[in-house]
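Novice: Build me a model:
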Amino acid sequence: MAEVRKAAVAGSWYPGTASALSDAVDRHLSRASADLPADVVDVVAIVAPHAGLMYSGLVAAHAYRLLRGRTFDVAVLVGPSHFVGFDGVAAPGVRGFATPFGITPVDVDIVDALIQTEVVSERAAAHAREHSLEMQLPFLSQILPNVPIVPLVMGRQTSETATALAGALASVLRRRRALLVASTDLSHYHDAATASRLDGVVIDHVRKLDADGLQRALDLQPEHACGGGPTVAVMRAAKALGARDAAVLAYGDSGDVSGDKSNVVGYMAAVMGTFSDRREGS
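Specialist: Numbers count the residues shown, from 1 in each chain. Model prediction:
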């Protein structure tokens, strides 16, 4: 097993030094709204985007700020493979991920257990250039600096793979205090009005914690989300691990930063867990 996966987009998609990165993450966290539709008692999973930090960082911060003061044994990151096509789910075969903050350790015991379920296999090439998980590390390293990760990228996003991964996660993590992170952007390269319509389908299903409905929508129109399969898998696993409620915390698009609303990428932040005032659809 290799020791460390090198950062692929440090210095381009996010600042390449610890001090600059820490400042950028803190700025986004400080700007994230404190308003919530319910009191989040327990966090089982979050959904966060994975674009460049300047574009999607503020949206992501709405989810990550909920992790402050909470404790977890492990953070399981599930994102799409943008560069390598394959069946199933890939683990990186390393003991750590390099970041400007240092090395984030991989929980190799959990990775080994997932590989035994057969839906996950070791495939380092799928991780080498992949940004969907790396873009979660600035927030995780800042807020949960001592928590190991389980990095997983999904190849061809079939419903069968999403279901199998959800079952594997639920089984392996049953006795762990785990945080699940679904990494996804929403629709790509539409005008903002069209993007909002397409993205609203994903938002509605996530808000209702309706993995079946989201899978049906993706089967009809995969362009709803580049990480739709990972999101479905995380939703299913979160419910199996005790999540009963969900809320969408923020929505935006790249045009909010660039000013160009003619050709945008959509971003969403969400949380799944247990809320103190449970309201259906909240």
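
Novice: rest of the way, CA atoms for contacts and neighbours
Specialist: Noted.

Novice: Quick check: neighbours of the helix or strand bottoming out on mean pLDDT in the chain in the sheet, parallel or antiparallel?
Specialist: When the helices and strands of the chain are compared on mean pLDDT, DSSP states H and E, strand 2-5 comes out lowest with a mean of 88. Strands adjacent to strand 2-5 in the sheet, as given by DSSP bridges, are strand 94-99 (parallel).

Novice: any idea which helix or strand comes after the partner strand?
Specialist: strand 102-105 (DSSP states H and E).

Novice: Only the buried residues of that next one, if you could.
Specialist: Neighbour-count burial for strand 102-105 flags Ile103, Thr104, Pro105 (criterion: 16 or more other C-alpha atoms under 10 Å).

Novice: The second one reaches Val74, doesn't it?
Specialist: No: with contact defined as C-alpha atoms under 8 Å, Thr104 does not count as touching Val74 (11.3 Å).

Novice: any common contacting residues for the two?
Specialist: Val147, Pro148, Ile149 (C-alpha atoms under 8 Å, 6 or more residues apart in numbering).

Novice: will you turn those residues into TSV that also has pLDDT, secondary structure and neighbour count?
Specialist: Listed next are the shared contacts of Thr104 and Val74 as TSV, based on pLDDT from 0 to 100; DSSP: H, G, I helix; E, B strand; the rest coil; neighbours: other C-alpha atoms under 10 Å:
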residue	pLDDT	secondary structure	neighbour count
Val147	97	coil	19
Pro148	98	coil	23
Ile149	98	strand	26
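
Novice: May I see the buried residues of stretch 126-139?
Specialist: 126-127, 129-139.

Novice: What separation is found between the N-terminal and C-terminal residues of it?
Specialist: 22 Å (C-alpha to C-alpha, to the nearest Å).

Novice: what's next to it, contact-wise?
Specialist: So stretch 126-139 is contacted by 5-9, 21-22, 25, 48, 50-53, 61, 64, 77-84, 90-92, 99, 151-153, 183-184 (C-alpha under 8 Å, 6+ apart).

Novice: Fine by me, we can end here.
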